[in-house]
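Student: sequence and predicted model, in that order:
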Amino acid sequence: MNTNFHYLPCALQDELRRIANAIVAPGKGILAADESPGSMDKKFLLHSLPNTEENRRIYRQLLFTTEHLEDHISGVILHNETLYQKADNGKTFGDLLRQRGIIVGIKVDKGIVPLPGSLDEGTTEGLDDLYYRCGKYKRDGCDFAKWRCVLKIGKHVPSYQAILDNTNVLARYASICQSQGIVPIVEPEVLVDGEHDIIRAQKVTETVLAAQYKALHDHHVYLEGTLLKPNMITPGQKCPRRNSPEEVAYITVQGCLRTVPAAVPGIVFLSGGQSEEEATVHLNAINNINLRQPWELSFSYGRALQASVLDAWAGKRENIPLAQGELQKRCKANGLARDGKYVPGSIPAFKPDKSLYVEDHKY
């Protein structure tokens, strides 16, 4: 194996490490608002809203102008469309967020496509022009990026082919991002679809994460300038046995301890279709579990921060204050959970116990 490679320049390492650590600051996490126009169509359909660019702009403005958003949100992931949309005052949403002290991130993958030769597995596109896109995004004020790969649990999956392909795609993405001064969020999501129990989910997640860090090492990725965005380890959606928050927390942290290097500054969990309350309670339990935790353990939630907001807003301008109040509540709940201080049930969702699960979910 060739060991004659160069580390990133020290100044670039310092910049990447600074950004990564700022994103996982105490009491804060990430708002994932990187839904594509197609994904927004599904959200708006629930409220009979036309999926127009103007309606998407109004909704995003609602999110980003919420008072005290910066109290519990350190970074926001945007879609390309959102980055260049403007608020009513003429400022781009990127500028609006930066002026509030919120770090701007960008979704850079181009979606999941079938992986030939596999059993209905997928891979993620977007590497071809990523170097140039990252350079432009950095010049336009983005300091971190997100790329999502997904793996399924079934009788014969995930296959070695799918694990190898997806973890190497993520490693190549991470390397390209860092070359342009962008912190990569590495997201190898093991889907919750299926009837498997939590132990099967643990075995698969550990296998995927071990392969992921082997790939990152092979591609000379600077770990101190990365963040990991994994699934929490939970039983499959159709598994009859539901584990307690303490069991989920223990197995999730145990799985990370076995596979994620201590050099990584933080782990920002995705919500993966959990209800808003479940995602918050599990994050709180993770931060209270009696296991060594060498990284910051935070959140990067989309549905688990936005479901109540959409329900309260329902496309009506007069409901904007109510919807922004719901966002404040969800951000506060997860800010507390991120520090292990959330009291379950103390900040209820707009529609308590509403399921956010979507089979084979696509962004």
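Tutor: Everything's here; your move.

Student: quick one, helices of the stretch 101-250 of the chain?
Tutor: Per DSSP state H, counting those that start in this stretch, the stretch 101-250 of the chain carries helices over the ranges 130-139, 160-179, 198-218, 245-257.

Student: and the ones you listed as JSON lines, adding mean neighbour count?
Tutor: Backbone N, C-alpha and C define where each C-beta goes, glycine included. Output for those, formatted as JSON lines (neighbours: other Cβ atoms under 10 Å):
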{"stretch": "helix 130-139", "mean neighbour count": "17"}
{"stretch": "helix 160-179", "mean neighbour count": "21"}
{"stretch": "helix 198-218", "mean neighbour count": "20"}
{"stretch": "helix 245-257", "mean neighbour count": "20"}
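
Student: out of these, which gets nearest to Ala33?
Tutor: The closest of these to Ala33 is helix 130-139. By Cβ to Cβ, the value is 15.6 Å.

Student: got the contact list for that closest one?
Tutor: For helix 130-139, the external contacting residues (Cβ atoms under 8 Å, 6 or more residues apart in numbering) are Leu83, Ile106, Val108, Ala145, Tyr173, Ile176, Cys177, Ser179, Gln180, Gly181, Ile182.

Student: can you give me the offset of that helix from its chain's centre?
Tutor: Relative to its chain's centre, helix 130-139 lies at 20 Å (Cα atoms, centre = their mean, to the nearest Å).

Student: re the thing from before, now flag whichever of the contacts of helix 130-139 is closest to Lys43.
Tutor: Leu83 (19.0 Å).

Student: output the helix or strand harbouring the closest one as CSV, nothing but the C-alphas.
Tutor: Element membership for Leu83 (DSSP states H and E) is helix 80-84. Extracted C-alpha coordinates of helix 80-84, given in CSV (Å, rounded to 0.1, in the frame of the first residue of the first chain):
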residue,chain,number,x,y,z
ASN,A,80,-29.3,24.7,-4.3
GLU,A,81,-32.6,26.4,-4.9
THR,A,82,-32.9,27.7,-1.4
LEU,A,83,-29.3,29.0,-1.2
TYR,A,84,-30.1,31.6,-3.9
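
Student: now for it, which elements pack on it?
Tutor: For helix 80-84, the elements it packs on are helix 53-64, helix 93-99, strand 103-107, judged by 3 or more Cβ pairs under 8 Å, 6 or more residues apart in numbering; DSSP states H and E.

Student: dump the ones you listed into JSON lines; add mean pLDDT and distance to Ala312 as well.
Tutor: Below are the helices and strands packed on helix 80-84 laid out as JSON lines (pLDDT from 0 to 100; distance: least, Cβ to Cβ, whole Å):
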{"stretch": "helix 53-64", "mean pLDDT": "97", "distance to Ala312": "10"}
{"stretch": "helix 93-99", "mean pLDDT": "97", "distance to Ala312": "21"}
{"stretch": "strand 103-107", "mean pLDDT": "98", "distance to Ala312": "25"}
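
Student: redo those as CSV? Include mean neighbour count and distance to Gly117.
Tutor: Output for the helices and strands packed on helix 80-84, formatted as CSV (neighbours: other Cβ atoms under 10 Å; distance: least, Cβ to Cβ, whole Å):
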stretch, mean neighbour count, distance to Gly117
helix 53-64, 18, 37
helix 93-99, 19, 40
strand 103-107, 26, 27
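
Student: how near is Leu291 to Val186?
Tutor: Separation of Leu291 from Val186 (Cβ to Cβ, to the nearest Å): 22 Å.

Student: more crowded one of these two?
Tutor: Val186 (27 against 12; other Cβ atoms under 10 Å).

Student: so the more buried one sits against Thr226, correct?
Tutor: Yes. Here Val186 reaches Thr226: they are 5.9 Å apart, a contact under Cβ atoms under 8 Å.

Student: for the worst-scoring helix or strand of the chain on mean pLDDT, list every residue counted as buried.
Tutor: Between all helices and strands in the chain, the lowest mean by mean pLDDT, DSSP states H and E belongs to helix 37-45, at a mean of 90. Neighbour counts over helix 37-45 (16 or more other Cβ atoms under 10 Å) mark Ser39, Met40, Lys43, Phe44 as buried.

Student: show me what that helix is packed against.
Tutor: helix 53-64.

Student: what about the helix it packs on, distance to the chain center?
Tutor: 20 Å.

Student: next, the distance between the ends of stretch 340-352.
Tutor: Terminal residues of stretch 340-352 lie 21 Å apart, using Cα to Cα, to the nearest Å.

Student: show me what that stretch is in contact with.
Tutor: By Cβ under 8 Å, 6+ apart, stretch 340-352 touches 245, 275-277, 280-281, 283-284, 287-288, 307-309, 311-312, 326, 329-330, 332-334, 336.

Student: do you know the pLDDT at Trp16?
Tutor: Check again: residue 16 is Leu, not Trp. pLDDT, Leu16: 98.
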